[in-house]
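Student: Next one to model:
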Amino acid sequence: MAEPRGAGAAAAPRGGDAEEPKQVTGLREPLGLGSGRAGANYGAGVIAVVPAIKTELLSGDEGSLPAPGGGEVKSSAVVKYSSAPPQAAFARLQEKTDLKLPPANWLRESARLGPAGTAILGSNKKSTPFSSFGMAYDFIDSIGNDVDVVSDSENIKKLLKIPYSKSHVSMAVHRIGRTLLLDELDIQELFMRSSQTGDWTWLKEFYQRLIDQKWQRKKKSKEHWYQKAILSKFLYYSINGDGAAQPVPSSSKQHQEGPVPGEGDEAGQASWPAPFEMPSSLSEDPGASNQGLKNDFVRNILWTFEDIHMLVGSNMPIFGGGRYPAVSLRLRDNNKPINVLTGIDYWLDNLICNVPELVMCFHVNGIVQKYEMIKTEDIPNLENSNFSTKVIKDIAQNILSFLKSNCTKEGHTYWLFKASGSDIVKLYDLTTLCEETEDKYQNPFTMPVAILLYKVACNMMLKKNQNKKHYGTIRTLLLNCLKLLDNGRHPQIIASANYMLSELFQLDEPKKEDSTDFPINGNSDESYSEEEEEMPDSDENGSYSNSSDPPDDNKAVAIIKSVGELSVPEKYKSVHRIRPSCTFPVCHGTEERCRLVLSYVLEGLKSVDSSVKKESDLPAADPSTPIPLKYEDESTSGGPECLEKQMALFLDKMGSFQKGKHSSQSGMIPGSWQYKMKLQLILKSSKAYYVLSDAAMILQKYGRALRYIKLALQCHDTYCCLCASMLPEVLVFLCQCLTLCGDIQLMLAQNANNRAAYLEEYNYQTKEDQEILHSLHRESSCQVFAWATDLSTDLECQLSVSCKCYEAAYEILLFSNLKKQNPEQHIQVLKRMGNIRNEIGVFYMNQAAAVQTERVVSKNVSTTEQQLWKKSFSCFEKGIQNFESIDDATNAALLLCNTGRLMRICAQAHCATEGDFKREFSPEEALYYNKAIDYYLRALRSLGKRDMHPAVWDSVNWELSTTYFTMATLQQDYAPLSRKAQEQIEKEVSEAMMKSLKYCDVDTVSPRQPLCQYRAATIHHRLASMYHSCLRNQVGDEHLRKQHRVLADLHYSKAVRLFQLLKDAPCEFLRVQLERVAFAEFQMASQNSSAGKLKTLFGALDIMVKTKCAFQLIRKELAAESEQISKDESSTENTSPNDSSTALNKEEVLKLLSIFESRMSFLLLQSIKLLTSTKKKSGAINEEEITLKTNKQVYSLLLRATANKSMTLLERIEVILNLLEQLTQSSEAGTGGVVVTFLLLSEANCSTVCLFQGSQLQNKIACQ
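Tutor: I've put the predicted structure just below:
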């Protein structure tokens, strides 16, 4: 017979105690009947969450628990929540009080106790099968990580009493992370339901086949209901206050015989929800907690027993009284002594609730006899009820290890079963057994488990940024949740779970963080596999194993062969291993990560769409049919004008977002869960497509990038259609999308050669993308951004689209007042706007240059050219403003430089097209060249100094030098003599040339240094030639003539020095030297004395001798060319004879060589004549005779060489080098030979030959 206990506090097992109770002696502190002591409010709380009460029972303290044999256990309890009223002092009943008579307050609410009074006093209905889930919902932070077990205190006690009791045990076990949820699984009740409704038939058949073939319902005895009734009346008497029996009128006897209201079979049946008969509110709201999922316990206690952390629900009545602030009150039949089971029961109840004393009231046949009190730590030592607390600890640890080792699959319902009178404990996986039936939702635990998995994942998601190592755990929780749910029945939870799965993948993080934030190997309790296989669990003592299971019970996951094993210390150890498959997946690329996100988003969208009822208004569409991507060429795009209109419409639409005039085509109600969830899913898909597009952009897959950004913008379009007001972060993201779209269009324009490949990438579409688009088209046409994402074949159109994308992004930042909140985004957009306007300006500028090149017949500038100039200039001006607004001096300088180049093209277009002899440097040319100079000077002022950006600084300087040089060259070659005087032109040319020299840096070592040296040498050569010409043609002012002579000689010397530095300009060096010889001849003609003329002649010959290095370079190049031709002819007969690596101009060399031979012959002849006349007058033999002899010999050889017309160019060069070598030796042998230094001669007025072929050379430099 079951012993009476407080209802909901310490209910006896269904089968009753196996042992007969024995009389307990040695109870301490007998209390006189009727005496009472009020106690403090200890162990209870208020309806709101109360401060934690925590005490530990340790050795040596007042609350230590000595166990037989000197053992002790550690226990601490923290009240997490209590709905109990403040503890009332219990009233000690008078002796002979008849408990069979009900008190007047029986089953009625008390003003002193509040609404929870009936629960405390045991009249509430029995604990529900989902009681652990109710607690788990309320304390979701502890689930999966901090707590090992969540259960009713009755279930905990029942498990710990298994080795002592013959009663049956039937519990449902669920695993959530490292937490086990334990609930009573009332087989009798389930099978009664099965008989009435047909549910659970599969379990009933399984039970009858393997466990109890002759199962029948066992009815509770009248004694059971009698004991519960008098216990309830006793507790109500104890709070009545006057201690007198006050029977209720009339029908009191029916309560003595019948069950306590709320405790009958009907009430028990109502606590089990029918499979999927849950109200829509539960499936619509994951946070709902009804239909048996409430936390009905008066107290929720975080109990730590040794190293086991348990969240326990308890309804045990706690009263005040005695020396201690709280006591538990028990009613005992004086004829039935306390046994071990009862002692363990009382001890555990007091430990869990942290109650230090126990008060027992003894009765005989319902008549009160006496009260006695005992301390909690003394309960294990009571006579005939002795038990070892250490053994209880071992039992707890072994049972927990057994369950954790075998209940490994999240979402599965495990059944822990021990038959009445049996020593074997078996564990079954009911989910696996249920899956063998047609409907897996026959398991009523499916929905509560799924919701709990979802709630735990939600709670961890809120903390995901604190510790990313939990990502694998969250993913496992959500995947297991989805396995348990049906899309047609739970669309909201499925959609939300898929959205959370997509949120686990951080799209905005670089790939390298994936491996650092997510554990690759599952090495913590936070990670576990939803696909964990059951592994044989054993220890050194040979514990449970499936290999020795009875042949007729192979369905059991694991078996404890004897309950006695549970008392052996560490008999069972948890060997549950964490498998790597449970960890967060390491994506090996951005695309893989985004594709996973999109797969979850798609599943979420399907769930949302399937729950929307308004389907009839939608056009029929097949998700498997590709949605055509419109492809337009330039003939149908409408050009830039159409683009302007589309842009205006877009901005109007963006402005209307603030007004909230949006509705869903599918009929979703704003504010509904479908509406909110679809918004989040669409925004997530848009971000995933954006990241995919950015990754494709990096890989230079521009067609793919445009396809992805088109999908991103289509998602964003749908989001805008649904959303009544745009959040700032969404608008910023739209700016990023438009900016990336502009980048892609620009790259497509710059890589037009691969357009066919890009078009193929652009038109490709996956089934996943098609289905997402199908969901988007339920809400919107997705055409708002079509102008930005079409792939055009027209270069101008692509550049214009790119510019409009940047402008749209900039406008959004402006009208949304996001410029200040996102300065970096604002700067990036302005930089891109400046860059694209530079690109468009260069495009129009190049088109204008091409039109200018093709213009042959017309002399005037065409209207087309002028329009192109205006477009180009406008783009450059806007780009300069963009860069200057963000203080980007370097890019502003580059655009100013390009504007200067445009001005030069305009100047070239205004050149007269008549023949070169009639042409003059026009005022229009001068105007545009001066404008170009102004822009280049602005660029230099923008940079400030070279240190800011040396490369740009050098480039601007070079362009400015080139502009001055070109203008000076044109003025020199095509002098505007009809408008200006010769002197003025010479002055302007000289000034321009000197400014060109100023900006031509010949000293800085750079790749451009040789070019600068060549430019400077050419300028000096041109200036020297100009002053030489002025000197020859000027008559009169001797001071001016002397000045020109000095300047000519100075610039010739500088030109020679610079050309000598260059190893690839022998012809230019030779030309300058020949002009110097001509200059010497011109000076010799004005001299009268023989000595003066002789000095001048020797100086000219010395200049000739110094040209030896130029002839050596020419010979080297000619020899190399000849050798290369010989090799090519020997290797193949098909080699072209003109295929030469040398850039030597043979015609130029022949021309210069002929002039050199003639001038050398003339100088030698004149020197021979002068030396001969000098010899006749003096009659002396000295060094001059040696020189005369050498000159004659050289002159003779030169005449023979020039007379031989069959000599090749290389042979003629060899002869000249030999003659120059002889002259060099002669000058070294005698002091009166050739003068080494070049003398400045004052005589003039002699006509001679002067080479003026500089214009052709300068034109070549200008082209460079």
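
Student: For residue 971, give me phi and psi.
Tutor: Here is the backbone geometry of residue 971 (degrees, to the nearest 10): phi -70, psi -30.

Student: same check, this time on the one 5 residues further on
Tutor: Comment: the main-chain dihedrals of residue 976 come out as phi -80, psi 70, following degrees, to the nearest 10.

Student: Skip the chain neighbours and tell me the closest residue to it.
Tutor: Of all residues not flanking residue 976 in the chain, residue 920 sits nearest, at 4.4 Å (C-beta to C-beta, 6 or more residues apart in numbering). All C-beta spots, glycine's among them, are computed from the backbone N, C-alpha and C.

Student: Work out for me the element the closest residue to residue 1107 other than its chain neighbours sits within.
Tutor: Nearest residue to residue 1107 in three dimensions, chain neighbours excluded: residue 1073, at 4.9 Å (C-beta to C-beta, 6+ apart). Per DSSP states H and E: residue 1073 is located in helix 1066-1085.

Student: re earlier: was I right to think the residue nearest to residue 976 contacts residue 978?
Tutor: Yes. Here residue 920 reaches residue 978: they are 6.1 Å apart, a contact under C-beta atoms under 8 Å.

Student: how close does residue 686 get to residue 767?
Tutor: Going from residue 686 to residue 767 by C-beta to C-beta, to the nearest Å gives 19 Å.

Student: How about residue 1008?
Tutor: Counting by C-beta to C-beta, the gap from residue 1008 to residue 767 is 56 Å.

Student: quick one: which of the two has more around it?
Tutor: residue 1008 (18 against 11; other C-beta atoms under 10 Å).

Student: Please report the distance of that one from residue 999.
Tutor: For residue 1008, the distance to residue 999 equals 12 Å [C-beta to C-beta].

Student: With residue 1085 instead?
Tutor: In this view, residue 1085 and residue 999 are 39 Å apart by C-beta to C-beta.

Student: Repeat that for residue 956.
Tutor: For residue 956, the distance to residue 999 equals 9 Å [C-beta to C-beta].

Student: Neighbour count for these two, which is higher?
Tutor: Per other C-beta under 10 Å, whichever of residue 956 and residue 999 has more neighbours is residue 956, with 25 against 22.

Student: ok now the host helix or strand of that one, how far from the chain's centre?
Tutor: In this assignment (DSSP H and E), residue 956 forms part of helix 950-973. Centroid separation between helix 950-973 and its chain, computed with C-alpha atoms, centre = their mean, to the nearest Å, is 48 Å.

Student: Is residue 76 within a helix or a strand, and which one?
Tutor: Here residue 76 sits within strand 75-82, counting by DSSP H and E.

Student: Let me see the mean pLDDT of that strand.
Tutor: Strand 75-82 shows a mean pLDDT of 85.

Student: Where does residue 331 sit, in terms of helix or strand?
Tutor: strand 327-333.

Student: Need the residues that contact that strand.
Tutor: Identification of contacts with strand 327-333 by C-beta atoms under 8 Å, 6 or more residues apart in numbering yields 3-6, 9, 39, 90, 99, 230-231, 234-235, 238, 316-321, 338, 346, 349-350, 353, 355-364, 373.

Student: Report the next helix or strand after that strand in sequence order.
Tutor: Heading C-terminal from strand 327-333 (DSSP H and E), you reach helix 340-353.

Student: Quick one: residues in contact with the helix or strand just after that following helix.
Tutor: With elements assigned by DSSP H and E, the helix or strand that comes after helix 340-353 is strand 357-364. Applying C-beta under 8 Å, 6+ apart, the contact partners of strand 357-364 are 27, 31, 90, 92-93, 99, 230, 234, 319, 321-324, 326-335, 346, 350, 368-376, 379.

Student: Show the buried residues in these.
Tutor: For the contacts of strand 357-364, a burial check counting by 16 or more other C-beta atoms under 10 Å picks out 27, 31, 90, 92-93, 99, 230, 234, 319, 321-322, 324, 326-333, 346, 350, 368, 370-376, 379.

Student: show me where the stretch 1001-1150 of the chain has helices.
Tutor: Secondary structure of the stretch 1001-1150 of the chain by DSSP state H, counting those that start in this stretch: the helices cover 1009-1033, 1038-1061, 1066-1085, 1090-1105, 1108-1131, 1146-1178.

Student: Deepest-packed of these, please.
Tutor: Ranked by mean neighbour count, these are led by helix 1066-1085 with a mean of 24 (mean count of other C-beta atoms under 10 Å).

Student: and residue 411, which of the three is it?
Tutor: Look at residue 411: counting by DSSP: H, G, I helix; E, B strand; the rest coil, its state is coil.

Student: Who are the contact partners of it?
Tutor: Neighbour list for residue 411: 174, 431, 449-450, 453, 480-481, 483-484, 530 [criterion: C-beta under 8 Å, 6+ apart].

Student: any idea what sits nearest it, other than its immediate chain neighbours?
Tutor: residue 480 is the one closest to residue 411 (C-beta to C-beta, 6+ apart), at 4.1 Å.

Student: tell me which element the one you found falls in.
Tutor: According to DSSP H and E, residue 480 maps onto helix 471-484.

Student: What is that helix packed up against?
Tutor: Contact analysis of helix 471-484 by 3 or more C-beta pairs under 8 Å, 6 or more residues apart in numbering; DSSP states H and E lists helix 446-462, helix 491-503 as its packing neighbours.

Student: Swap in 10 Å and give it another go.
Tutor: Helices and strands touching helix 471-484, as assessed by 3 or more C-beta pairs under 10 Å, 6 or more residues apart in numbering; DSSP states H and E, comprise strand 169-176, helix 446-462, helix 491-503, helix 590-611.
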